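Asks: Next come a sequence and a model predicted from it.
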Amino acid sequence: MPPRAAGALLAAVAASTWGLWSLFLRGSALSGPAVTATVLAVMALPLPFAFRRSALRDRGALAALVLLAAADTGNAGFYFAALRDGPVAVAVLTHYLAPLLVALLAPRLLGEAPSSRAPWAALASLVGLALVLGRPRGIAVSTALLGAASAGFYAVVLISGKRALRSFGPLALNALHAPLSIALLLALFGRSALPAPSAGLGRVLAGALLCGVGANVLFYAGLRRVTAQVASALTWLEPLAATAVGAIAFGERLPPTALLGAALVLASGVWVAFEPGPASPVTRA
């Protein structure tokens, strides 16, 4: 399979797997920071097998790794706050402004060739996701601001991850940034970020293995083969998969326009993934 097609497929599978998180988190007694700390701790487990000292010689990649760790903490913190404090539809829609930000910033910060399709696909996907989620309970300004803040951090995660992958492999990148993110999380939330033994802890650990380590490594592997603009456009499959899980596993009702919105999101992702252009070179750590 050509590198570009393989990268797009890996990113799509990863994003769809992220959409399964609710199967592991629904009913868990852990707080948002505690869930994040638990997932990050599991991500860090492969560190002894993934670390290579030679990768540290690339100072740009090392700086990108540190930036990724900080941005990942901000992304999770603001997104969990948006989901907790306001309408889910508003939180999700504003959080997924990230692909549009990546489409605008990646050519300037990473030297990627500008995609003529990515900005339009991001806007179309926003419309499609709005159709899938239906009318929100209300327009909460604070929720929208929190979601938009998480989108900014999420865009930084994608861009810094793309730069760090020039020297760090997918498994190493996922494992190395986790301890830094945990340290920052503890500095911000203190003891409330420490998970307490509970009935839901085992499910969170299982989710961390599948949706955390597994999906993240697949996504970073895909990100090495395609531009950040293409990879970010495919992350729209996450809320789409999450919506499907809610309907199938939890009996959540979907609006009549959901199928039309889902088709629009899928078509937008395929349109960007198959845009003519060079694939990102596959680097090796």
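Replies: Done, it's in. Numbers count the residues shown, from 1 in each chain.
Asks: Wait, Pro114 touches Pro107, no?
Replies: Yes: with contacts counted by CB atoms under 8 Å, Pro114 reaches Pro107, the gap being 4.3 Å. Just so you know, the C-beta spots here come from the backbone N, C-alpha and C atoms, and that holds for glycine as well.
Asks: Give me the more crowded residue out of these two.
Replies: Pro107 (17 against 14; other CB atoms under 10 Å).
Asks: pretty sure the more buried one is in contact with Ala113, am I right?
Replies: Yes: using CB under 8 Å, Pro107 is in contact with Ala113, at 6.9 Å.
Asks: Can you name the residues that contact Ala199?
Replies: Ala199 is in contact with Ala29, counting by CB atoms under 8 Å, 6 or more residues apart in numbering.
Asks: got the phi/psi numbers for it?
Replies: Dihedral angles phi and psi of Ala199 (degrees, to the nearest 10) take the values phi -60, psi -30.
Asks: That one and Ala193: what is the separation?
Replies: Using CB to CB, to the nearest Å, we find Ala199 at a distance of 20 Å from Ala193.
Asks: Same check on Ala11?
Replies: Applying CB to CB to Ala11 and Ala193 gives a distance of 29 Å.
Asks: Could you do Ile159 as well?
Replies: Taking CB to CB, one finds Ile159 at 26 Å from Ala193.
Asks: Kindly report the same for Phe250.
Replies: Distance from Phe250 to Ala193, by CB to CB: 27 Å.
Asks: Give me the more crowded residue out of these two.
Replies: Neighbours around Phe250 and Ala193, counted as other CB under 10 Å, are more numerous at Ala193. The numbers are 22 against 10.
Asks: could you point out which element follows the helix or strand hosting Ala175?
Replies: Using DSSP states H and E, Ala175 falls within helix 170-189. Under the assignment DSSP H and E, the closest C-terminal helix or strand after helix 170-189 is helix 201-207.
Asks: now could you export just the CA positions of that following helix as PDB?
Replies: Taking Å, rounded to 0.1, in the frame of the first residue of the first chain, the C-alpha atoms of helix 201-207 are listed here in PDB:
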ATOM      1  CA  LEU A 201     -10.600   1.600  37.500                       C
ATOM      2  CA  GLY A 202     -10.100  -1.700  35.700                       C
ATOM      3  CA  ARG A 203     -12.300  -0.500  32.800                       C
ATOM      4  CA  VAL A 204     -10.300   2.700  32.600                       C
ATOM      5  CA  LEU A 205      -7.000   0.700  32.500                       C
ATOM      6  CA  ALA A 206      -8.400  -1.500  29.700                       C
ATOM      7  CA  GLY A 207      -9.500   1.600  27.800                       C
END
